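S.K.: The sequence and its predicted three-dimensional model are supplied below.
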Amino acid sequence: MRQSLIPAFILLLPLAEIAGFVVVGKAIGIWATLGLVILSVLVGAVLLRAQGLSILRRMSLASRDGGVPGRDLVHGVMVVIAAFLLLVPGFITDILGLLLFIPGVRDLAWKYLSRRIIVMTSSPAFNRSRGAPPEKSNGSGPVVDLHADDFRRGPNPNSPWSDPKRLKD
């Protein structure tokens, strides 16, 4: 959608929703229309919980196996948007929300979006296979494990590291 069409869409959507309420209200009555609006909110909450938990599980499995959960992350965002659209009163937003809850529609949207999205990782957890040890840090030297007595203030005359002749070697 072009940037210049977004403000027009935002301004015209409430008018289209009001027109939809009038048309549906005349066709089935006011109480049935209100019932449909309340039903869409309940369906949105139930679908968000069911599909949201499923997507979180798939993201966890993908990241645990060393993959990048980009597809599942975008699907999760689409499920949240779909739930939000179902929570907003109106039949047009309900139709769009229900369409986004269908996995096939989300897959089509992912095919369109995947060419435009780059998933970057900064965690070494995504760069290793399952069961492999984590990568070592890029520290400047080996790790030295010290005892609590080694943390004293002032130099220790018995330490081999306190000899200035040895330090120059």
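M.R.: Received it, and whenever you're ready, just let me know what you need. Residues are numbered from 1 along each chain as shown.
S.K.: Spatially central residue in this structure, please.
M.R.: Residue closest to the average C-alpha location in the chain (CA atoms, centre = their mean): L73, at 4.6 Å.
S.K.: Surely it touches S60?
M.R.: No: with contact defined as CB atoms under 8 Å, L73 does not count as touching S60 (11.6 Å). From N, CA and C alone the C-beta is placed, and that goes for glycine too.
S.K.: hang on, the earlier thing: the nearest residue to the residue nearest to the centre of the chain once chain neighbours are set aside: what's it in contact with?
M.R.: Spatially, and ignoring its direct neighbours in sequence, L73 is nearest to M59 (6.4 Å; CB to CB, 6 or more residues apart in numbering). Shown in contact with M59 (CB atoms under 8 Å, 6 or more residues apart in numbering): P69, D72, L73, G76.
S.K.: Name the nearest residue to the last one, sequence neighbours excluded.
M.R.: Nearest residue to G76, sequence neighbours excluded (CB to CB, 6+ apart): I55, at 4.5 Å.
S.K.: average pLDDT for whichever helix or strand the one you found is part of?
M.R.: Assessed by DSSP states H and E, I55 sits inside helix 30-64. Confidence for helix 30-64, expressed as mean pLDDT, is 84.
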